[in-house]
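Colleague: missing the sequence, but the structure's below:
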């Protein structure tokens, strides 16, 4: 081995070693966070957390509230996002569709706290109070661009021939889209919606001053609405062990919910996609 | 007959246009809500490091106002007034203020609260820079590992672990960072537990998986045959990564990094737990400070008046910042990649 | 005594990772020095797999299995060495410097024309600007592309035409002064004029370099090569001098193939 080869092989080893260490470091952080959550969360976890509301030291209303708002966001956002995605892929041609695509991507990465501020200005300030609807709308604004991009991508995977075959059978375009193309892309779309739901259910910043949170059981989206994430923030900053333990239990549950939905989404892709 | 096709197309078009409307509305609403502060403080807001600071301005009164005030003072308060004061000039009166006995009759003290965004703007930029400095090399390493080094049986599980790391809500990063990571950082670097450094590092850890995943995707666009032809010339793996994959995927990789930067810039919760929320330009890496999203998160609930419009001013600045950054990543680097 | 063969493939079998059966079985084939050996056969017959075994590019992907010998002549010692024994990384590097490869599609690296040709030399530790300039020019002249690109050496190689890119890739391989160059259907992505230029170039190259070429184009094989191997479903059916294979094949299968009855 001459000196050039020795140098090249050594550099190669060092860099590949560093890359591998980076990947290990990433895994270390993941497991560190998960183990911390698990240990702190499980020790604070108690069945009564699911039967009592925050005011009595439980999490029931918070979990419910977070789910309701994420669900409302999905109900509002999915049809709009899918229709927009359908327009971009099936009808949109040229410049306008491309602009909307880019804007949607930008919106997807827009700071979530700014979206909270916007919803505050439009829906909270005029009505004079934080409320669950405002929270749901803020989450829907976060969710729509994700659904747009998923729909756009998934429809692009449907083979052109399927469209042509549908049209050739005499179906009008919207029928072909609704009855054939969406069905063909069903698995991908469902996965995308699931992942979008997982993304918004873990959001805190857009809810801080739109829904706020609420210690009591509430089903009225017109008032301050219980939010798991916003309460985690409050509880974690509260200087008692009891509050912090509750925050850990809540964080653990939140992470489990988000990761489980993610895993389900990924396994759908693997099995049926 | 109602043309369903026509209606469906219009509805789909309207939904797409909604994106444009919402984005434009965000811009306009933030601007309108920030307008009082923009008019009052102008661009000076961006370089003013005072936040919520009460200042007193003394406004000279006209003779008539002084007379009116004096009469009022005399009737309500029978302290013996020095008649000379009535004709003395303003500066003299100001000098006498401290005596306490004398009531200032020739000026009115107007208190005002001023707001400036310099501290959170600097805090945002610095914490983002720290995050990027920390995460770029590691994310590149992870991406190279996943794209080129990992044996087949590791690619999927490690890739999935990295993606799951990206799915963990940011508030969890904040909690973990505050209670477990910050004490370690403090032990090593000293200073305050809540500081620019800890916030930046946790922010870096948070964007790490996102950056690694999209960088790996960019690297994977390099055609196999191109890599093979470099190997066929005797290139080592590192040389293939450095000379073939990086140059080939350069545009996508830069786009990925900028996109991650945009994320870091607007992140709230991971930073809120750790930055310390102190309105002070940090003297060192280990001092506490504040960032724009954290100012918003902490103050929006109770704000009103000038503070409220100043918060919107900050939100507007942040929105424009990130729009430009994410927009440029899209337009210059990630065009056509979907 | 100098040997006639540069390479000698003995009882070589190859199985891809996870494949149920071998893609190549018991291949025995000589490769003559400074001659052109063509490998023909229908798609999937294993000709590319065999070609890619010769510089062990298969080893980029794990768990492929092979047995037998691929002997490559060591010019210094005039002895054959089995390249399948190579395990150390630096020996792989040397093997690939000695056995160059040209792919189906041109593979210009994302860098300037000059840097493309200088790439292998620089990897090998050549730093002297003068030496590099000289070798780059020689290689580009050798690949008959110097006149077309001498005024734009600093421009990106991505801007060249397909035929030019392929000749650039040949120049890049030639610059390392390999003993063998493997061509994997080098003209299948090119127009007839570029194809002709590449064929002329390959004929020229055999003065200094031994050549193995995989082609699906039988006219190309007959025009270009000195020896031809006909392969079918992982086996070497017939190997002989090119004119014998094309004019007087021994095997029925070979005859059917070259007369276009299948393939």
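Modeller: Yep, it's here. This is a predicted model, so every value here is computed, not measured.
Colleague: Could you look up the SS state of residue B:55?
Modeller: Following DSSP: H, G, I helix; E, B strand; the rest coil, we place residue B:55 in the strand state.
Colleague: List the contacts of it.
Modeller: Residues near residue B:55 by Cβ atoms under 8 Å, 6 or more residues apart in numbering or on different chains: B:111, B:112, B:113, B:114. To be clear about C-beta, it is placed using only N, CA and C from the backbone, and glycine gets the same treatment.
Colleague: Quickly list what it is bridged to.
Modeller: Residue B:55 has these beta-bridge partners by DSSP bridges: residue B:112.
Colleague: Per-residue pLDDT of it, please?
Modeller: Residue B:55 is assigned 84 on the pLDDT scale.
Colleague: same deal with residue A:128?
Modeller: 73.
Colleague: burial count for it?
Modeller: For residue A:128, the neighbour count with other Cβ atoms under 10 Å in any protein chain shown is 7.
Colleague: Correct me if wrong, but it is in a strand.
Modeller: No. Read with three-state DSSP, residue A:128 is coil and lies in no strand.
Colleague: just to revisit the earlier point, could you provide the contacts of residue B:55 in TSV, with additional columns for neighbour count and pLDDT?
Modeller: Below are the contacts of residue B:55 laid out as TSV (neighbours: other Cβ atoms under 10 Å in any protein chain shown; pLDDT from 0 to 100):
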residue	neighbour count	pLDDT
B:111	8	83
B:112	11	85
B:113	14	85
B:114	17	87
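Colleague: Now for the residue in the stretch 1-150 of chain B that chain C sits nearest to: which residues touch it?
Modeller: Going by Cβ to the nearest Cβ, chain C is nearest to residue B:148 of the stretch 1-150 of chain B, at 10.0 Å. Counting by Cβ under 8 Å, 6+ apart, residue B:148 touches A:19, B:219, B:237, B:240, B:241, B:245.
Colleague: Could you rerun that using 6 Å?
Modeller: residue B:241 (Cβ atoms under 6 Å, 6 or more residues apart in numbering or on different chains).
Colleague: before we move on, what about residue B:14?
Modeller: Going by Cβ under 6 Å, 6+ apart, the list of residues near residue B:14 is empty.
Colleague: Leaving out the residues flanking it, which one is nearest to residue 59?
Modeller: Just so you know, I chose chain A. Nearest residue to residue A:59, sequence neighbours excluded (Cβ to Cβ, 6 or more residues apart in numbering or on different chains): residue A:49, at 4.6 Å.
Colleague: try chain C instead
Modeller: Per Cβ to Cβ, 6+ apart, closest to residue C:59 is residue C:92, 7.2 Å.
Colleague: That neighbour belongs to a helix, doesn't it?
Modeller: Yes. Assessed by three-state DSSP, residue C:92 belongs to a helix.
Colleague: so how many other residues sit close to it?
Modeller: Neighbours of residue C:92 (other Cβ under 10 Å): 20.
Colleague: okay, it: pLDDT?
Modeller: Reading off the model, residue C:92 has pLDDT 90.
Colleague: before we move on, back to that, next one: the residue of the stretch 1-150 of chain B closest to chain C relative to residue B:252, how far apart?
Modeller: 15 Å (Cβ to Cβ, to the nearest Å).
Colleague: Give me the helices and strands touching the strand or helix carrying residue A:42, please.
Modeller: Here residue A:42 sits within helix A:3-44, counting by DSSP states H and E. The criterion is 3 or more Cβ pairs under 6 Å, 6 or more residues apart in numbering or on different chains; DSSP states H and E, and the helices and strands that helix A:3-44 contacts are helix A:241-272, helix B:118-144, helix B:152-167, helix B:237-240.
Colleague: So which of the ones you listed is nearest residue C:117?
Modeller: Nearest of the helices and strands packed on helix A:3-44 to residue C:117, taken as Cβ to Cβ: helix B:237-240 at 16.1 Å.
Colleague: how distant is that closest one from the center of its chain?
Modeller: 38 Å (Cα atoms, centre = their mean, to the nearest Å).
Colleague: Please work out which residues outside the following helix or strand past it touch it.
Modeller: Downstream of helix B:237-240, the first helix or strand assigned by DSSP H and E is helix B:246-266. With Cβ under 6 Å, 6+ apart as the test, helix B:246-266 has contacts from A:109, A:111, B:128, B:131-132, B:203, B:207, B:210-211, B:214-215, B:218-219, B:221-222, B:322, B:325-326, B:329, B:333-334, C:110.
Colleague: Is it possible to mark the buried ones in these?
Modeller: A:109, A:111, B:128, B:131-132, B:203, B:207, B:210-211, B:214-215, B:218-219, B:222, B:322, B:325-326, B:329, B:333-334, C:110 (16 or more other Cβ atoms under 10 Å in any protein chain shown).
Colleague: Mind checking which of those residues are in helices?
Modeller: A:109, B:128, B:131-132, B:203, B:207, B:210-211, B:214-215, B:218-219, B:322, B:325-326 (DSSP state H).
Colleague: just these now: which is nearest residue C:132?
Modeller: residue B:219 (28.9 Å).
Colleague: so how far is chain C from the closest one?
Modeller: 13 Å (Cβ to the nearest Cβ, to the nearest Å).
Colleague: pretty sure that residue contacts residue B:245?
Modeller: Yes. Judged on Cβ atoms under 6 Å, residue B:219 makes contact with residue B:245 at a distance of 5.3 Å.
Colleague: what's near enough to touch the residue in the stretch 1-150 of chain B that chain A sits nearest to?
Modeller: Chain A sits closest to residue B:141 of the stretch 1-150 of chain B, with a gap of 2.7 Å, by Cβ to the nearest Cβ. Taking Cβ under 6 Å, 6+ apart, we find residue B:141 in contact with A:18, A:19, A:22.
Colleague: now do residue B:192
Modeller: B:286, B:288.
Colleague: Surely it forms part of a strand?
Modeller: No. Judged by three-state DSSP, residue B:192 forms no part of a strand; its state is coil.
Colleague: The residue nearest the centre of chain A: what's it in contact with?
Modeller: Ranked by distance to the mean C-alpha position of chain A (Cα atoms, centre = their mean), the top residue is residue A:199 at 1.1 Å. Taking Cβ under 6 Å, 6+ apart as the definition of contact, residue A:199 has no neighbours.
Colleague: Go ahead and list the helix or strand containing it.
Modeller: Using DSSP H and E, residue A:199 falls in helix A:186-201.
Colleague: returning to what we had before: how about the nearest residue to the residue of the stretch 1-150 of chain B closest to chain A, chain neighbours excluded?
Modeller: Closest to residue B:141 by Cβ to Cβ, 6+ apart is residue A:22, at 2.7 Å.
Colleague: now residue B:189
Modeller: residue B:286 (5.5 Å).
Colleague: for the contacts of residue B:141, which one is nearest residue B:317?
Modeller: residue A:22 (33.9 Å).
Colleague: Quick one: neighbours of that closest one, just the number.
Modeller: Neighbours around residue A:22, by other Cβ under 10 Å: 21.
Colleague: Quick check: it touching residue B:142?
Modeller: Yes. Applying Cβ under 6 Å as the test, residue A:22 and residue B:142 come out as touching, 4.9 Å apart.
Colleague: Please tell me how far the residue nearest to residue C:59 sits from residue B:305.
Modeller: Taking Cβ to Cβ, one finds residue C:92 at 72 Å from residue B:305.
Colleague: what does residue C:17 give?
Modeller: 70 Å.
Colleague: Let's see the pLDDT reported for residue 159.
Modeller: Because you didn't say which chain, this covers chain A. Confidence for residue A:159, expressed as pLDDT, is 89.
Colleague: To clarify, I was referring to chain B.
Modeller: The model's pLDDT for residue B:159 equals 90.
Colleague: Over to residue B:169?
Modeller: Confidence score, pLDDT, at residue B:169: 95.
Colleague: for the one 3 residues further on, same thing?
Modeller: We have a pLDDT of 95 for residue B:172.
Colleague: Secondary structure of it: a helix, I assume?
Modeller: Yes. Membership of residue B:172 in a helix is supported by three-state DSSP.
Colleague: Relative to chain A, how far out is it?
Modeller: Residue B:172 is 5 Å from chain A, by Cβ to the nearest Cβ.
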